[in-house]
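J.: what's the 3D shape of this:
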Amino acid sequence: MRSATNICLKSICILTKVHGCTFVRLIQTVIFLELPKIDALGDVPPESLNSEQKWCKFFLDADNPCKQDYVRQLAADEGGGIMEAQKTLDKISTDWVLWKRELDRDIIESNRNSELHYAQEQGLQEGTKQAKQEVARNMKKADIPSVTIAQCTGLSEDEIMQL
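T.: Numbers count the residues shown, from 1 in each chain. Predicted structure coming up:
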């Protein structure tokens with residue numbers, strides 16, 4: 001989350017009535033905040049920070065497990081905004097953990113299915129080979145030429161001779 005400079009956009013809506021019609025004017029102020037300077041302030045009491053500084057401290061420290069008490073102080077002191085952002089961040093984190101667990105389960109299930117499919121394919125191939133060899137043995141006992149056995153079973157003449 002850290003970057004050299006962060007841009008905060010502050011918006012204010014002004015309602016104006018002209019000739020009975022209500023108009024909304026949007027005033028935006030761009031504030032450039034240098035996060036390294038905010039970070040250098042350290043864990044100053046939240047009440048000594050202005051609103052923009054509190055938000056910057058929140059952005060800097062929200063994902064730091066060691067600073068969760070300080071983040072809660074910031075959220076409590078700022079009012080609703082940071083508190084709502086913290087709740088959203090917590091929900092995203094929780095949702096991500098649940099998503100990751102489900103993804104891991106899906107991967108395990110997929111691997112298990114792949115292994116099962118591979119084992120079934122191997123078993124089918126082995127069973128088919130054994131069936132062909134059994135048919136070839138029976139044909140050989142019936143004195144059928146090796147060339148004909150090879151054509152019927154798909155085995156090579158060398159494989160037939162070894163039976």
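
J.: ok now the helix or strand containing residue 68, how far from the chain's centre?
T.: Taking DSSP states H and E as the definition, residue 68 sits inside helix 68-78. When C-alpha coordinates are averaged (C-alpha atoms, centre = their mean, to the nearest Å), helix 68-78 and its chain have centres 29 Å apart.

J.: That one packs against which elements?
T.: With contacts defined as 3 or more C-beta pairs under 8 Å, 6 or more residues apart in numbering; DSSP states H and E, the packing partners of helix 68-78 are helix 51-61, helix 80-141. (Glycine included, C-beta is placed from N, CA and C.)

J.: Give me the packing partners of the shortest one, helices and strands only.
T.: Judged by 3+ C-beta pairs under 8 Å, 6+ apart, helix 51-61 is in contact with strand 6-18, strand 21-33, helix 35-40, helix 68-78, helix 80-141.

J.: the inter-axis angle of the last one versus helix 68-78?
T.: Spelled out, it's helix 80-141. Counting by axes from the mean of the first three to the mean of the last three C-alpha atoms, to 10 degrees, helix 80-141 lies at 130 degrees to helix 68-78.

J.: and the angle from the helix or strand following helix 80-141 to helix 80-141?
T.: Moving toward the C-terminus from helix 80-141, the next helix or strand (DSSP H and E) is helix 146-153. Helix 146-153 and helix 80-141 are oriented at 150 degrees to each other (the same axes, to 10 degrees).

J.: got the CA positions of helix 146-153 in PDB?
T.: Only the C-alpha atoms of helix 146-153 are listed here, as PDB (Å, rounded to 0.1, in the frame of the first residue of the first chain):
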ATOM      1  CA  SER A 146       1.100 -64.700 -36.500                       C
ATOM      2  CA  VAL A 147       0.500 -62.200 -39.300                       C
ATOM      3  CA  THR A 148      -3.300 -62.700 -39.000                       C
ATOM      4  CA  ILE A 149      -3.100 -62.500 -35.200                       C
ATOM      5  CA  ALA A 150      -1.200 -59.200 -35.500                       C
ATOM      6  CA  GLN A 151      -3.800 -57.800 -37.900                       C
ATOM      7  CA  CYS A 152      -6.700 -58.800 -35.600                       C
ATOM      8  CA  THR A 153      -5.200 -57.700 -32.200                       C
END
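
J.: Only the buried residues of that helix, if you could.
T.: Residues of helix 146-153 classed as buried: 146, 149-150, 153 (neighbour count, 16 or more other C-beta atoms under 10 Å).
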